[in-house]
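>>> Mind folding the following:
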Amino acid sequence: MMIPGCFQGTGMPDAGWWEALFPDPAAILKSVRLSPESDAVDLCSGDGWFTLQMARIARHVVAVDIDARLLEISRARLSESSVTNCTFVAGDAYELRTMVPEPIDFVFMANAFHGVPDRLKLANAIKTVLKPAGLVAIVNWHDRPREETTILGEPRGPESGLRLSPSRTIEAVQPSGLMLQDIVEILPYHYGAVFQKPA
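Residues are numbered from 1 along each chain as shown. As a prediction, the model looks like this:
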């Protein structure tokens, strides 16, 4: 059942193909500049596939998702691994400021930005929680037809019309004042766009 406020085309896949698509989430996080000194947010964190690795790298992580059921799965995932430096908050991503009271160093968002109806509003919300020179990494599917992005023998990911090229992601985010720092290729079908809040 679709939760009100959930972004379009962001339903959580089963764990099997998530693992097949992103077998090394820690390497992805390091490629988009998550550092050990970071206080970080995993925005639209889903079942915690990236959250666990973020918490192993960063000083502290806040996992934010509108689906409390997925947060419980994430909480159990981290508990099973005896990882304790993470808090879990259910809420609307547009209201990030109310869920993250202290300025942070890094926001990570994977596989959800394509479905955001008002991307500038979300970019502005992210900017409000970042420290000066803080980073946000947005991981998106490349703008390729869905039938070409197969995982475990089946087309996967959002509908073709929802996918964003790197240039469209940049156009959506930069009016907020967050400035592009890097585009990182994430094989086989994704890229990471890294933006920075001015110092």
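>>> where do the strands sit along this protein?
39-43, 60-65, 86-90, 104-110, 130-141, 150-151, 154-155, 179-186, 190-196 (DSSP state E).
>>> closest to Gly16 out of those?
Between Gly16 and the strands of the chain, the shortest separation by CB to CB is 9.2 Å, and it involves strand 150-151. C-beta here means a position set from N, CA and C on the backbone, and glycine is covered the same way.
>>> Give me the neighbour count for Ser176.
20 (other CB atoms under 10 Å).
>>> and if you look at Leu78?
The number of residues packed around Leu78, counting by other CB under 10 Å, is 21.
>>> wouldn't it be in contact with Phe50 here?
No. Counting by CB atoms under 8 Å, Phe50 is not a contact partner of Leu78; they are 11.5 Å apart.
>>> hang on, the earlier thing: mind giving me CSV with the strands of the chain and columns for mean pLDDT, mean neighbour count and distance to Trp18?
Supplementary listing: the strands of the chain in CSV, determined by pLDDT from 0 to 100; neighbours: other CB atoms under 10 Å; distance: least, CB to CB, whole Å:
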stretch, mean pLDDT, mean neighbour count, distance to Trp18
strand 39-43, 98, 26, 14
strand 60-65, 98, 25, 15
strand 86-90, 97, 18, 19
strand 104-110, 98, 25, 10
strand 130-141, 98, 21, 13
strand 150-151, 91, 16, 9
strand 154-155, 91, 10, 13
strand 179-186, 98, 14, 14
strand 190-196, 98, 21, 13
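>>> of all these, which lies closest to Gly161?
When the strands of the chain are compared by CB to CB, strand 130-141 sits nearest Gly161, at 11.8 Å.
>>> Listing partners with orientation, what would you give for the closest one?
Strands flanking strand 130-141 in the sheet, each with its direction: strand 104-110 (parallel), strand 190-196 (antiparallel) (DSSP bridges).
>>> Reformat those strands as CSV; add distance to Ala55.
Written out in CSV, the entries for the strands paired with strand 130-141 read as follows (distance: least, CB to CB, whole Å):
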stretch, distance to Ala55
strand 104-110, 11
strand 190-196, 19
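>>> who wins for proximity to Glu148 among the ones you listed?
Minimum separation from Glu148 across the strands paired with strand 130-141 (CB to CB) falls at strand 190-196, 13.3 Å.
>>> Now do the same contact list for Leu96.
Neighbour list for Leu96: 41, 43, 64, 125-126, 128-129 [criterion: CB atoms under 8 Å, 6 or more residues apart in numbering].
>>> Which one of the strands paired with strand 130-141 lies nearest to Ser74?
By CB to CB (comparing all of the strands paired with strand 130-141), the closest turns out to be strand 104-110, at 13.2 Å.
>>> Let me see the ranges of the helices in this structure.
15-21, 25-31, 49-57, 68-80, 96-99, 119-129, 166-173 (DSSP state H).
>>> For these, give me TSV that also has distance to Leu187 and mean pLDDT.
Below are the helices of the chain laid out as TSV (distance: least, CB to CB, whole Å; pLDDT from 0 to 100):
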stretch	distance to Leu187	mean pLDDT
helix 15-21	10	81
helix 25-31	10	97
helix 49-57	16	97
helix 68-80	24	96
helix 96-99	29	96
helix 119-129	25	98
helix 166-173	15	98
